[in-house]
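K.L.:
Okay, sequence plus prediction incoming.
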Amino acid sequence: RSKQWYQRRVAITAGDISTDEAKLIIRRLELEAYYCLVNAFRASGHLTKTKLRILKDLSIYFQLPTERHQAEVRRAVNDEELTALADLVTRDDSSYEWICEGRHPVPAHDGDLSYKLPRSVKLRKDPPKSDRNKDNKAQISTILTKKKKVPTATLR
């Protein structure tokens with residue numbers, strides 16, 4: 001990894017990258033820093049108010065959405081090595097606060113399940129029952145009026 005850092009610094013000093021590429025490198029460094037800090041905090045044990053405040057402030061500074069913060073916390077909770085380190089340091093289960101912080105929020109709804117559909121999908125509203133009954137009656141009446149001629153056999 002140190003070789004990559006050296007090559008990156010040589011490229012930057014040589015002026016071989018554009019401003020947009022530099023911004024992408026900086027963004028990647030920010031995400032790596034957040035990733036490493038979450039790992040260090042998880043390995044050190046319980047999620048205290050101080051640790052949580054630092055993570056929240058850093059996520060605001062780095063302009064990370066809440067979903068990204070929660071995903072990083074869930075990733076750290078599911079990392080067996082970090083959990084083992086935390087258990088060794090604290091000598092008890094330190095996962096509860098981390099699990100609570102990383103959980104998915106449950107959206108409130110009033111029986112309307114449209115929140116589960118992508119925005120491009122529109123729900124079809126059924127017409128009122130009175131309109132459906134009119135349509136059904138109209139279809140039935142047209143079927144009945146179109147009588148098919150059925151040959152009849154005559155009995156002798």
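P.N.:
The structure has been received and is ready for your questions.

K.L.:
who's in contact with the closest residue to S95 other than its chain neighbours?
P.N.:
In space, and not counting its chain neighbours, S95 is closest to V77: 6.1 Å by Cβ to Cβ, 6 or more residues apart in numbering. To be clear about C-beta, it is placed using only N, CA and C from the backbone, and glycine gets the same treatment. By Cβ atoms under 8 Å, 6 or more residues apart in numbering, V77 lies in contact with 42, 83, 95, 98-99, 102.

K.L.:
let's go with 6 Å and repeat that
P.N.:
98-99, 102 (Cβ atoms under 6 Å, 6 or more residues apart in numbering).

K.L.:
Restricting to C-alpha, output stretch 55-69 in CSV.
P.N.:
Extracted C-alpha coordinates of stretch 55-69, given in CSV (Å, rounded to 0.1, in the frame of the first residue of the first chain):
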residue,chain,number,x,y,z
LEU,A,55,-19.2,10.1,13.8
LYS,A,56,-22.2,12.3,13.2
ASP,A,57,-20.1,15.5,13.0
LEU,A,58,-17.7,13.8,10.6
SER,A,59,-20.5,12.5,8.4
ILE,A,60,-21.9,16.0,8.2
TYR,A,61,-18.5,17.4,7.3
PHE,A,62,-17.9,14.8,4.7
GLN,A,63,-21.5,15.2,3.4
LEU,A,64,-22.4,11.5,3.9
PRO,A,65,-26.1,10.7,3.9
THR,A,66,-27.6,9.0,6.9
GLU,A,67,-28.0,5.8,4.9
ARG,A,68,-24.3,5.7,4.3
HIS,A,69,-23.5,6.2,8.0
